[in-house]
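J.: pasted the sequence and its predicted model underneath.
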There are 8 protein chains.
Amino acid sequence: LRRGVPEVIFCQGKTLHRIIEIVRHMLVKNSVVMGTRADKNIFEEVKKIAPDAKYYDDARIFLIEREKLPQNKGVIAVVSAGTSDIPVAEEAAVTAEVFGNEVERLYDVGVAGIHRLFMNMDVLHKARVVIVVAGMEGALASVVAGLVDKPVIAVPTSVGYGASFHGLSALLTMLNSCAGGITVVNIDNGFGAGFAAHQINKLGG
Amino acid sequence: LRRGVPEVIFCQGKTLHRIIEIVRHMLVKNSVVMGTRADKNIFEEVKKIAPDAKYYDDARIFLIEREKLPQNKGVIAVVSAGTSDIPVAEEAAVTAEVFGNEVERLYDVGVAGIHRLFMNMDVLHKARVVIVVAGMEGALASVVAGLVDKPVIAVPTSVGYGASFHGLSALLTMLNSCAGGITVVNIDNGFGAGFAAHQINKLGG
Amino acid sequence: LRRGVPEVIFCQGKTLHRIIEIVRHMLVKNSVVMGTRADKNIFEEVKKIAPDAKYYDDARIFLIEREKLPQNKGVIAVVSAGTSDIPVAEEAAVTAEVFGNEVERLYDVGVAGIHRLFMNMDVLHKARVVIVVAGMEGALASVVAGLVDKPVIAVPTSVGYGASFHGLSALLTMLNSCAGGITVVNIDNGFGAGFAAHQINKLGG
Amino acid sequence: LRRGVPEVIFCQGKTLHRIIEIVRHMLVKNSVVMGTRADKNIFEEVKKIAPDAKYYDDARIFLIEREKLPQNKGVIAVVSAGTSDIPVAEEAAVTAEVFGNEVERLYDVGVAGIHRLFMNMDVLHKARVVIVVAGMEGALASVVAGLVDKPVIAVPTSVGYGASFHGLSALLTMLNSCAGGITVVNIDNGFGAGFAAHQINKLGG
Amino acid sequence: LRRGVPEVIFCQGKTLHRIIEIVRHMLVKNSVVMGTRADKNIFEEVKKIAPDAKYYDDARIFLIEREKLPQNKGVIAVVSAGTSDIPVAEEAAVTAEVFGNEVERLYDVGVAGIHRLFMNMDVLHKARVVIVVAGMEGALASVVAGLVDKPVIAVPTSVGYGASFHGLSALLTMLNSCAGGITVVNIDNGFGAGFAAHQINKLGG
Amino acid sequence: LRRGVPEVIFCQGKTLHRIIEIVRHMLVKNSVVMGTRADKNIFEEVKKIAPDAKYYDDARIFLIEREKLPQNKGVIAVVSAGTSDIPVAEEAAVTAEVFGNEVERLYDVGVAGIHRLFMNMDVLHKARVVIVVAGMEGALASVVAGLVDKPVIAVPTSVGYGASFHGLSALLTMLNSCAGGITVVNIDNGFGAGFAAHQINKLGG
Amino acid sequence: LRRGVPEVIFCQGKTLHRIIEIVRHMLVKNSVVMGTRADKNIFEEVKKIAPDAKYYDDARIFLIEREKLPQNKGVIAVVSAGTSDIPVAEEAAVTAEVFGNEVERLYDVGVAGIHRLFMNMDVLHKARVVIVVAGMEGALASVVAGLVDKPVIAVPTSVGYGASFHGLSALLTMLNSCAGGITVVNIDNGFGAGFAAHQINKLGG
Amino acid sequence: LRRGVPEVIFCQGKTLHRIIEIVRHMLVKNSVVMGTRADKNIFEEVKKIAPDAKYYDDARIFLIEREKLPQNKGVIAVVSAGTSDIPVAEEAAVTAEVFGNEVERLYDVGVAGIHRLFMNMDVLHKARVVIVVAGMEGALASVVAGLVDKPVIAVPTSVGYGASFHGLSALLTMLNSCAGGITVVNIDNGFGAGFAAHQINKLGG
Ligand SMILES: Nc1ncnc2c1ncn2[C@@H]1O[C@H](COP(=O)(O)O)[C@@H](O)[C@H]1O
Ligand SMILES: Nc1ncnc2c1ncn2[C@@H]1O[C@H](COP(=O)(O)O)[C@@H](O)[C@H]1O
Ligand SMILES: Nc1ncnc2c1ncn2[C@@H]1O[C@H](COP(=O)(O)O)[C@@H](O)[C@H]1O
Ligand SMILES: Nc1ncnc2c1ncn2[C@@H]1O[C@H](COP(=O)(O)O)[C@@H](O)[C@H]1O
Ligand SMILES: [Mg+2]
Ligand SMILES: [Mg+2]
Ligand SMILES: [Mg+2]
Ligand SMILES: [Mg+2]
Ligand SMILES: [Mg+2]
Ligand SMILES: [Mg+2]
Ligand SMILES: [Mg+2]
Ligand SMILES: [Mg+2]
């Protein structure tokens, strides 16, 4: 039925035993199975039943890819503010790649060092869709959306402390952005951003 | 400079005097000027300096359109849960239309009467992008995104009372949707949804 | 005094020593003693003083049942959105069973895969009362209540991350449901839902 | 289609014009049409197109009843804490009556004057379902549920000031009640409570 | 200087080393030194420099009492709702005792089993001041204050789960009590309640 | 029955008609009837049925006093931070006076001008109980409680703007005070503070 | 005593009568009296007792200046994001001017049109202290602080709607800024920012 | 490029491996490298590649200082309320020192023992800028700002429990302070306060 489309397991909060059971079940009918929020232990266990599984450390994703999915043409840019945002940014980037998109990464260009963003405007110009990943004050999404005229998907992260309230601050910032064209996903939801960006990019052929 | 692109004024919280001043200023260089959150009084005043201005009651938008903007090909569907959500839905729909998109409306199909949604699946199938507008529990966005495989932009509205907390309930529902591909804009931000949908639709040629 | 009615201990936050003391005390006058939020350790200790105790893994409930309680006639349906909601759903289901009700389970039918719900409408039709268990956006409760004309008890769960705020999102969704007849219990309160469903079902004879 | 079942309009936030339009539309196929959160102005307008309409002042409900609905047998008790909670209590009571239930009212028995509750225990004993309406600290619901062994539907009201946060305090109290069998509806949602109580009472034949 | 008055250390969040240092320093000039939120480890260490130190398990208090403080005449009642509230209730009770007051305890009389409260009204009648300790919905404070005409100090506890939000629910309930004469302290602040009750009781001679 | 004790009506949110009805009813059996949160209109209406009624402008209290209540001996000090806190402070002060206590007022001594407090320490020294009324940051309660060794009742007010969140800021400050002996009432609850202070003062004979 | 220093009245929430009384009282000993949050009515009344009073419309400030205060040397820059932020920005700017500072204004340079900020960097370079005023997402403060190496005082405004929560969004953004050197004042507190900037600027001689 | 200016790493949430990598990278071009939120383990690892690294226990800061930075002239006072606030106070103090400022510490002078503050007023008088660090109710910042006429930077800490909500209470107190001239940084952000104080002090020459 679902052949040719990745099947995705959200591993967080599931027991190792249940995850393996689901993977086994999915592999019967699906050629691409991917697990998010999967730590190394989970991957080791998955490898026992699927020795061709791969693991993306930073993204915390395991992937069993037994068929190459159709590739979209455009580029998705994934931009992140700080080094601590990388796990979420990578979740978005790897998701987009697995779904068949070319991804360009531009990391650690937060507003405290905004010159780095300006020196890399070509990445933004090349892209059809931009994913912006930022924690703490999350201002980067507004800045990026103010510079480009294309869909911007903002991902608030739980990076920060004190009044960041586990990502609430970045979430509110992004929802209230005065720069048009921004849409927002849940805190730390790199997968959702990657998936939505794929759906948008697919439209462009 | 900006010719051929609508210039937008967010009227809420601005004095009548300032709005007129901005409109006058914009009309010098722009062929399309649009005002959101504009009540009838504002429109009457705008008409004095721009007799060709039009007014969209439900959307609370005035429009001065002295040149037709380039038209995109695809359709944007605007789906709403209840009749009280119509002002926000219309803000999204009219914005998308002014920016050059064909829009199909499907209103009053909230989950309490979900059969109406199922009887109108063709509207969802025809669209390239779907905007879902819902207040109170906001569950409609999840249901729609579970039915289609295309970008869904969710707009929570402040419709409701008590524990809806002026739209917070719908906002959280939409951010937490388990149905992939949903992205979210601010509470009542029909304009933002219409604009983002336009940027996405434009990608499709 | 209380013979023939289950006596219930909420184990979370109580020391092993105190729990055993309470169980011992209750067994003097009660024929059915049940412990909720009880991990395996607690059960092992309970078995030492009550070797006929049983343990429900998923529900995290131990049960000492020395007399069969009177049985109600109708069926209570327990419906859950995702696999991570199963512990709470089972707490509700086992509670209802222990109190003397027949229970039908329908799990993993969340709005992202809503077709599974539609394919199992008979479970809803058979029931006198429906318990809906869902985390994240909690939209399932609205969908179910929109489909049936009977009491629906909604149980928000703390399943989710980010803006789910430990169940707050699902709780608000359920409280704001536009589908009539829904009432709500505390986040993760499977016991409360099972107990209320029992009281309602009992009315039907 | 829907003949013999009341059709309900939530009037709050709708224009007079739209309400009349909906009423007119509903009267074609329905013999009972009811409007909640309707002020006197709305009623006056409704009477112009339906001279047989009645108005319940305290409940803020208008009713056009052209056929008597089937009557349930049991009694629903509506209990309220203070005089300021009466509008919500009446919304619940009138709703239950319109849907075909006998209602007994017990008002102004809040925990500050708890003796009044104890002097009227017969009302609770007679009922099959109890609706408890309370604002401020909302403690009455717990007290009632501790006294009876039947379904209790708790309605928090927005009555109060300061840290009552427009009903949040009463809502949380009711959700956290340690007295089993309580389920809760949205703040000020008398209609929802009356409707759910009707569905429960109907089960008893 | 401060001789004859207990000196108090709030141990939570302080290192063992710093606590011992403070105790040593205090013992130079004070005859009564007391530590709250002190686990057994801390007590063991304190005993090394003050072998006459005593430990109150439930209250998590250590006490070095080298002189008997002046005794007040009246009785302070400490009433608690559930067994899980006992640590906070004991913190209040032991504090009041150490400061020189006679205390009567009445535990596990929460509103779910309100008859136990009514059967022990003499404890309330005997007291000059009543401390009420309750978590979850915190309704007990209102009930008690409705029954007596004397100062009632309410202590919300963090006991509960879900929408109890770590004591917020009980706190709001108590602040919004319609029963006159209640004043409230911080969540879990048994010490503060015991101290305030002492200051009030002292007034009575 | 209740002769010799003031009967109190909380007027806010009640209709003029209902208030008059309650007053008339109360006057049958009570010699002292008092209304809080009563604007001038209410007073004018009350005077029509009770020409001996008095009105306290700042306190927004009307009083019908047909018998002098027994007088307590001690003094209650009412201290307030700013001039905008005076209505709440006066509600506390007048309540305490009506209940039979001597009150000393010390207003406008907030921490921004803390020297004024120090120059009036005699007011604090004379009192048996101190009520501290403060909005915005509410720091005054901590400062006062740090200076005196007697019961301090803190009343947060809704005075402020922005992050004062309608009194939440002052409420949290007061609940978290490190100065022992503070207890707190609801935001703007001058009546509650005056009543509790009376109950405490009464203990002193 | 206080001669040569402006005396300031916060007019919001005070009666006209009380304000005039305070002004009259202050004019006895002070040569500069200033009122913030003062509408035109208040000014008209003030002019009756002080005909030399001036009014700043946008800043909502009235000023009676009978002596020129000592002037600081440096420049304070006041930067604002949108036109709706101007009242707060002007409150800050006028306050700083009245206290004796030269002010440069740079308005409407929010991140949606960030090029306007870059074209006016000289204003930032000239200043000793920068005040940044922004509502909605408040990202401007981070951008400015990332560009300059001097004290930046951020003022969140209540401008916005929906999830801006009356300024909370901008406040959190500013508190969580990763750009060093930012300090924050209360929502809409232009006066506080102007005063703090003056104290800082004074340090530079 | 950045020679002569400290480069700062925020270690919290970074892996040991990444921190070492950043340090190594920074040491190529910078003579002063400092790490905040660094536990002892991190320091031990840093010492392996930079044996001249120093560690400040209380401040949780490591420092590699291969060149003395230019020294400012004035004094920065760091004042703290309780002993539990010392880690944050030390983060502020050490930061200010590393950036080239003389610091005077005045610890444990919270409002509960306000006389200790008054006995050490000289520390406040000597300083050009004052940093006030306080948790729980955070009232100390207001008191200090009411006593001095110079910039006060307030640092709320997460010290406290219950309704302190991890520093929210102190944060709100400080933002709402009625004492002019206070600006605020994020909860526990000692680094930000030290850095801002340095920027202000530098202005004084
Ligand atoms: N209804 C709306 N909701 C949110 N943003 C809007 C809305 N209407 C216009 N905008 C945005 O606000 C900008 C104009 O803001 P302003 O300069 O305050 O008039 C436009 O360029 C849009 O990006
Ligand atoms: N899982 C649960 N969630 C909520 N309430 C429960 C749960 N289990 C038991 N209870 C209630 O808590 C009471 C027992 O509380 P306790 O005396 O603390 O053991 C029972 O009578 C039930 O009403
Ligand atoms: N200003 C007030 N704030 C809080 N509670 C009040 C106030 N005034 C009166 N009350 C309480 O409310 C009760 C009367 O409430 P009600 O029956 O609604 O008029 C009185 O007995 C008092 O306990
Ligand atoms: N303790 C701290 N709290 C807040 N911000 C800090 C802290 N320490 C360093 N920073 C800031 O964080 C920046 C480094 O962040 P990062 O690149 O994540 O290491 C520094 O330049 C500082 O501006
Ligand atoms: Mg853009
Ligand atoms: Mg989809
Ligand atoms: Mg239904
Ligand atoms: Mg019950
Ligand atoms: Mg009482
Ligand atoms: Mg004291
Ligand atoms: Mg900077
Ligand atoms: Mg000062």
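T.: Perfect, I can see it now. Ligands and ions are numbered 1, 2, ... in the order given.
J.: use CA for all of it now, contacts and neighbours both
T.: OK.
J.: point to the helix or strand of chain A where mean pLDDT is at its lowest.
T.: Counting by mean pLDDT, DSSP states H and E, the weakest-scoring helix or strand in chain A turns out to be helix A:115-118, with a mean of 90.
J.: buried set for that one?
T.: For helix A:115-118, the neighbour count (16 or more other Cα atoms under 10 Å in any protein chain shown) marks A:L117 as buried.
J.: show the contacting residues for the residue in chain A positioned nearest to chain F.
T.: Of all residues in chain A, the one sitting closest to chain F is A:A163 (12.9 Å; Cα to the nearest Cα). Counting by Cα atoms under 8 Å, 6 or more residues apart in numbering or on different chains, A:A163 touches A:S169, G:L172, G:L175, G:N176, H:L168, H:N186, H:I187.
J.: ok so, going back, what's in contact with the least confident helix or strand of chain A?
T.: Outside helix A:115-118, the residues that reach it (Cα under 8 Å, 6+ apart) are A:V109, A:G110.
J.: and it, C-alpha only, in CSV?
T.: The C-alpha coordinates for helix A:115-118 follow below in CSV (Å, rounded to 0.1, in the frame of the first residue of the first chain):
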residue,chain,number,x,y,z
HIS,A,115,27.0,39.4,10.1
ARG,A,116,27.5,35.7,9.5
LEU,A,117,23.9,35.6,8.2
PHE,A,118,24.5,38.5,5.8
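J.: just say helix, strand or coil for the residue positioned nearest the centre of chain A.
T.: When Cα atoms, centre = their mean is applied to chain A, the residue found nearest the centroid is A:A92 (0.8 Å). At A:A92 the chain is in helix, as set by DSSP: H, G, I helix; E, B strand; the rest coil.
J.: give me the neighbour count for the residue in chain A that chain C sits nearest to.
T.: Residue nearest to chain C within chain A: A:I187 (4.7 Å; Cα to the nearest Cα). Neighbours of A:I187 under the rule other Cα atoms under 10 Å in any protein chain shown: 27.
J.: what's the answer for the one 10 residues further on, then?
T.: Counted with other Cα under 10 Å, the burial measure for A:A197 works out to 32 neighbours.
J.: in TSV, list the contacts of A:A163 along with distance to ligand 9, secondary structure and pLDDT.
T.: Below are the contacts of A:A163 laid out as TSV (distance: Cα to the ion, whole Å; DSSP: H, G, I helix; E, B strand; the rest coil; pLDDT from 0 to 100):
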residue	distance to ligand 9	secondary structure	pLDDT
A:S169	43	helix	96
G:L172	42	helix	97
G:L175	44	helix	97
G:N176	46	coil	96
H:L168	32	helix	97
H:N186	42	coil	98
H:I187	39	coil	98
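J.: out of these, which touch ligand 7?
T.: Of the residues in the contacts of A:A163, proximity to ligand 7 by Cα under 5 Å from the ion holds for none.
J.: what segments of chain A are helices?
T.: In chain A, the helices defined using DSSP state H lie at A:16-27, A:40-49, A:86-98, A:115-118, A:121-126, A:140-147, A:168-175, A:190-203.
J.: tell me which of those helices sits most buried.
T.: helix A:168-175 (a mean of 31; mean count of other Cα atoms under 10 Å in any protein chain shown).
J.: who's in contact with A:G146?
T.: A:A179, A:G180, G:V111, G:A112, G:G113, G:I114.
J.: phi and psi next, for A:N30.
T.: Main-chain torsions, A:N30, degrees, to the nearest 10: phi -120, psi 140.
J.: and it, how far from A:F195?
T.: For A:N30, the distance to A:F195 (Cα to Cα, to the nearest Å) stands at 18 Å.
J.: please apply the same query to A:G205.
T.: 16 Å.
J.: quick check, A:V184 in contact with A:S142.
T.: No: using Cα atoms under 8 Å, A:V184 makes no contact with A:S142, being 11.5 Å away.
J.: what is the burial count for A:P51?
T.: 11.
J.: quick one, phi psi at it?
T.: phi -60, psi -20.
J.: up against ligand 5, what does chain A have?
T.: A:A145, A:G146, A:V148, A:D149.
J.: of those, closest to H:S158?
T.: Proximity of the residues of chain A next to ligand 5 to H:S158 (Cα to Cα) peaks at A:A145, which lies at 34.4 Å.
J.: apart from its neighbours in sequence, what residue is nearest that closest one?
T.: A:A179 (5.7 Å; Cα to Cα, 6 or more residues apart in numbering or on different chains).
J.: would you check that the one you found makes contact with A:A139?
T.: No: assessed by Cα under 8 Å, A:A179 is found out of contact with A:A139, at 10.9 Å.
J.: and the nearest residue to A:I42 once chain neighbours are set aside, how far is that from A:L27?
T.: Nearest residue to A:I42, sequence neighbours excluded (Cα to Cα, 6+ apart): A:L16, at 6.4 Å. Using Cα to Cα, A:L16 is found at 17 Å from A:L27.
J.: for chain A, which residue gets nearest to ligand 2?
T.: A:G13 (19.5 Å; Cα to the nearest ligand atom).
J.: next one, pLDDT for the closest residue to that residue other than its chain neighbours please.
T.: Computed as Cα to Cα, 6+ apart, the closest residue to A:G13 that is not its neighbour in sequence is C:S84, at 6.9 Å. Per-residue confidence at C:S84 stands at 92 (pLDDT).
J.: next: A:L1.
T.: A:L1 is given a pLDDT of 39.
J.: can you check A:G113 too?
T.: Per the predicted model, pLDDT is 74 at A:G113.
J.: against G:A141, how distant is it?
T.: 13 Å.
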